[in-house]
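Asks: prediction below, plus the sequence it came from.
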Amino acid sequence: MFLALFSLLPLPPLDGFSVLGLALPEQYAASIQAFHSNGATSMVGLVIAWRAFPLFTDPLFTLLLKLVHPGESYS
């Protein structure tokens with residue numbers, strides 16, 4: 001679950017960034033694709049994702065725990 005959510009972050013090397021191209025008009029999608037193919041932006045995107053994703057894991061884990069085991073708590 002966490003791997004899927006990490007992959008859907010809208011940052012350059014991840015799949016979530018590619019999904020943005022599907023939602024935008026063709027002219028913007030082409031510029032996003034060019035931005036995506038740049039190695040430097042991909043590296044910066046990975047570093048941002050690596051630093052930002054841990055901020056989301058605790059609330060997501062708590063939500064998943066409550067969905068799977070409604071009577072338990074995460075501390």
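Replies: It's in.
Asks: determine the three-state secondary structure at residue 64.
Replies: Three-state assignment for residue 64 (DSSP: H, G, I helix; E, B strand; the rest coil): helix.
Asks: does it touch residue 1 like I think?
Replies: Yes. Using CB atoms under 8 Å, residue 64 is in contact with residue 1, at 6.4 Å. C-beta: built from backbone N, CA, C; applies to glycine.
Asks: between the two, which one's more packed in?
Replies: residue 64 (13 against 8; other CB atoms under 10 Å).
Asks: next one: residue 57 from residue 63, what distance?
Replies: Distance, residue 57 to residue 63, by CB to CB, to the nearest Å: 11 Å.
Asks: same check, this time on residue 27
Replies: 38 Å.
Asks: got a pLDDT number for the residue most central in space within the chain?
Replies: With distances taken as CA atoms, centre = their mean, the residue of the chain nearest its centroid is residue 9 (1.3 Å). For residue 9, the pLDDT comes out at 85.
Asks: which SS state does it fall under?
Replies: Assignment for residue 9 (three-state DSSP): coil.
Asks: doesn't residue 49 make contact with it?
Replies: Yes. Here residue 9 reaches residue 49: they are 5.1 Å apart, a contact under CB under 8 Å.
Asks: thanks a lot, catch you later.
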